[in-house]
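Novice: A structural model of the following input is requested.
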Amino acid sequence: MVRVFLNETRGESMNLTDEIMKLKREKKAVILAHNYQRPEVQDIADYVGDSIELSKRAREERDAEIILFSAVDFMAESAVILNPGKKVLLPSQGARCPMAQMLRADEVRRWKKKYPKVPVLLYVNTLAEVKAECDICCTSANAVAVANALDSDTILFGPDHNLALYLQKKTNKKIIPIPENGFCPTHVLFQKGDILLLKDEHPDAVAIVHPECTPDVQEVADYIGSTSQMCTYAKELPAKKFIIGTESGLVHRLKKENPSKEFMLAYDGAVCPNMKLNTLERVHSALKEERHQVNVPERIADKARKALEAMFTVT
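Specialist: Model (predicted):
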């Protein structure tokens, strides 16, 4: 059922999407949605993409006074860090990334004491206080380039263990994962056998997976990349069928951008419940009441910003 609102000044009714668009204009807001968001949330967003892509985009929105970031906690924090002075809203306070919770600032400090001369490279999937402890950040899209740019044969990297293994393979550097077994609960659901079965059933299909998947899943993939890289690859490749190894939300964008192609999720249960907490109702409520504002202490934001800006100078 479509929720309907009454426009008191005009005596007209409008649905939830129309009301969100009205609020967005009135409040000079920009709506950002991660690739893993619900389809209906992606469809009302000004921009859809990965976390840093969206934060950079928000920084370019000079006239925007409010950034509504429909994603999870660390992504909204990055928007705050990169856009000081703007109000950043997260539709659902419970939208937290489990992997980001696996690495704490005190643990990074312990590893830095153990390896005082080794640079610390952290995935953007970390909380602001953790980013503040590293030398430089990376995304899944630029992790290899950033690692190669570091003048060291050994790198402390966290929190995703599978991405750490991928980095070691692609750079020939010694990657020390911190914590030892950090992971994305959604991406580890993909199994090598599921992809091989789909390949047998669809021999003309191309398998593309995220580097947060386990090494054995990566081994049977035809392409490994970030969500943004997957979108580019699927668009440019002539193939008509694709097996997708990442969170289910990306399939909506892939189908939308490539209507003549077929996309099959390698495992139908690959759904991040935290990403899916953000609904149209919660987007509307957050925007209307300007609630669930995300704040990062200035001391932490300044340090974390240096790590993010260092990444931008490399890629």
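Novice: show me the contacts for the closest residue in space to Ala149 that isn't next to it in sequence.
Specialist: Excluding the flanking residues, the one nearest Ala149 by C-beta to C-beta, 6 or more residues apart in numbering is Val314, at 4.6 Å. (Each C-beta comes from the backbone N, C-alpha and C, glycine too.) By C-beta atoms under 8 Å, 6 or more residues apart in numbering, Val314 lies in contact with 136, 142, 145-146, 149.
Novice: Name the SS class of Val48, please.
Specialist: Secondary structure, DSSP: H, G, I helix; E, B strand; the rest coil: Val48 is strand.
Novice: Surely it and Arg38 touch.
Specialist: No - at 11.5 Å, Val48 does not count as touching Arg38 under the criterion of C-beta atoms under 8 Å.
Novice: re the thing from before, rebuild the contacts of Val314 as a markdown table, extending it with secondary structure, distance to Lys240 and pLDDT.
Specialist: As requested, the contacts of Val314 are exported to a markdown table (DSSP: H, G, I helix; E, B strand; the rest coil; distance: C-beta to C-beta, whole Å; pLDDT from 0 to 100):
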| residue | secondary structure | distance to Lys240 | pLDDT |
| --- | --- | --- | --- |
| Ile136 | strand | 39 | 98 |
| Asn142 | coil | 29 | 94 |
| Ala145 | helix | 31 | 96 |
| Val146 | helix | 34 | 97 |
| Ala149 | helix | 37 | 97 |
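Novice: Any of those residues buried? List them.
Specialist: By neighbour count, with 16 or more other C-beta atoms under 10 Å, the contacts of Val314 hold 136, 142, 146, 149 as buried.
Novice: Which two of those residues have the greatest separation?
Specialist: Maximum pairwise distance among those (C-beta to C-beta): 10.5 Å, between Ile136 and Asn142.
Novice: May I ask which helix or strand encompasses Leu32?
Specialist: In this assignment (DSSP states H and E), Leu32 forms part of strand 29-34.
Novice: And the host helix or strand of Arg253, what's buried?
Specialist: Element membership of Arg253 [criterion: DSSP H and E] is helix 249-257. Buried residues in helix 249-257, counted by 16+ other C-beta under 10 Å: 249-254.
Novice: Tell me the one of those residues nearest Ala266?
Specialist: The shortest approach to Ala266 among these belongs to Val251, at 10.5 Å (C-beta to C-beta).
Novice: Quick one: residues contacting that closest one.
Specialist: Residues near Val251 by C-beta under 8 Å, 6+ apart: 244, 263, 265.
Novice: which residue packs closest to it, ignoring adjacent ones?
Specialist: Phe263 (5.1 Å).
Novice: partner residues bridging that neighbour?
Specialist: Assessed by DSSP bridges, Phe263 has beta-bridge partners Phe242.
Novice: That one reaches Lys240, doesn't it?
Specialist: No - the pair Phe263 / Lys240 is not scored as a contact, 10.2 Å apart, by C-beta under 8 Å.
Novice: the more surrounded of these two?
Specialist: Phe263 (19 against 12; other C-beta atoms under 10 Å).
Novice: roughly how far apart are the more buried one and Met21?
Specialist: Counting by C-beta to C-beta, to the nearest Å, the gap from Phe263 to Met21 is 28 Å.
Novice: Met75 now?
Specialist: According to C-beta to C-beta, Met75 stands 22 Å off from Met21.
Novice: Same question for Cys272.
Specialist: Distance of Cys272 to Met21, computed by C-beta to C-beta: 26 Å.
Novice: So if I had to pick from these two, which one is more boxed in?
Specialist: Cys272 (22 against 13).
Novice: any idea which element that one lies in?
Specialist: Cys272 belongs to no helix or strand when assigned by DSSP H and E.
Novice: pLDDT value on Ser226, please?
Specialist: On the pLDDT scale, Ser226 is placed at 95.
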